[in-house]
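Undergrad: below are the sequence and a predicted model; questions follow.
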Amino acid sequence: MDAKNYEETLKSHAYVLVNFYKDKTDTEFSGARAVLEHGSYIGEKLQLAKVNVSSNADFVKQFGIDTFPTKKWFHKGTVVNFEGPIGHEDIVNQVLRKTGQLSTSVDCPTLKSTISEKHLSLVYFGDAASIMHE
């Protein structure tokens, strides 16, 4: 991402996580991106972008960043710091939590198939409108 496609990127996606890096790309961010792409989470709703500070210095000034790598979270154009643990699994969990994609509703046959194929952490049986579903 750079000054040329910044506004369009924010308009096109409700959620954008941007990694501002200096000399070399952040391997944890790249790992998180790979996991999210593999899970088909990146798309119309969510985008992950990188900004090379060395080649976009004027653009980066508007964000007041002085340490690298730094991540910024954009939700419907509003920017906030992306804080917390920075391992790729932590980034994935935060992104899924912030975008509401941490859980999935499934029917019984899909649940049975999922349990036999994958590690499953939690199953909630109840009304999706309930506070417990969140």
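TA: That came through, no problem. Numbers count the residues shown, from 1 in each chain.

Undergrad: which residues of the protein fall in strands?
TA: Listed in chain order, the strands found in the chain under DSSP state E are 15-21, 46-52, 70-75, 78-81.

Undergrad: show me the contact partners of the third one.
TA: Meaning strand 70-75. Contacts to strand 70-75, defined as Cβ atoms under 8 Å, 6 or more residues apart in numbering, come from residues 10, 14-20, 29, 63, 65, 79-82, 86, 91, 98. Where you see a C-beta, it was placed from the backbone N, CA and C, and this is true even at glycine.

Undergrad: hmm, back to that, pick the most deeply packed of the strands of the chain.
TA: For the strands of the chain, average neighbour numbers computed from mean count of other Cβ atoms under 10 Å are highest in strand 15-21, which has a mean of 22.

Undergrad: centroid residue for this protein?
TA: Centrality entry for the chain: nearest residue to the mean C-alpha point is residue 95, 3.6 Å, by Cα atoms, centre = their mean.

Undergrad: quick one: contacts for the spatially closest residue to it that is not a sequence neighbour?
TA: With sequence-adjacent residues excluded and distances taken as Cβ to Cβ, 6 or more residues apart in numbering, residue 95 is closest to residue 17, at 6.1 Å. Under the criterion of Cβ under 8 Å, 6+ apart, the neighbours of residue 17 are 46, 47, 48, 49, 71, 72, 73, 74, 82, 91, 95.

Undergrad: centroid-wise, who is the farthest residue in this structure?
TA: If you look at how far each residue of the chain sits from its centre, by Cα atoms, centre = their mean, the farthest one is residue 109, at 29.3 Å.

Undergrad: how far away is it from residue 117?
TA: When Cβ to Cβ, to the nearest Å is applied, the distance between residue 109 and residue 117 equals 13 Å.

Undergrad: one more: residue 24?
TA: With the distance defined as Cβ to Cβ, residue 24 ends up 36 Å from residue 117.

Undergrad: helices of the chain, residue ranges please.
TA: Read by DSSP state H, the chain holds these helices, from start to end of the chain: 6-12, 27-38, 57-61, 88-99, 108-117.

Undergrad: got the ones you listed as JSON lines, with mean pLDDT columns?
TA: Conversion of the helices of the chain to JSON lines gives the following (pLDDT from 0 to 100):
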{"stretch": "helix 6-12", "mean pLDDT": "93"}
{"stretch": "helix 27-38", "mean pLDDT": "92"}
{"stretch": "helix 57-61", "mean pLDDT": "93"}
{"stretch": "helix 88-99", "mean pLDDT": "90"}
{"stretch": "helix 108-117", "mean pLDDT": "77"}
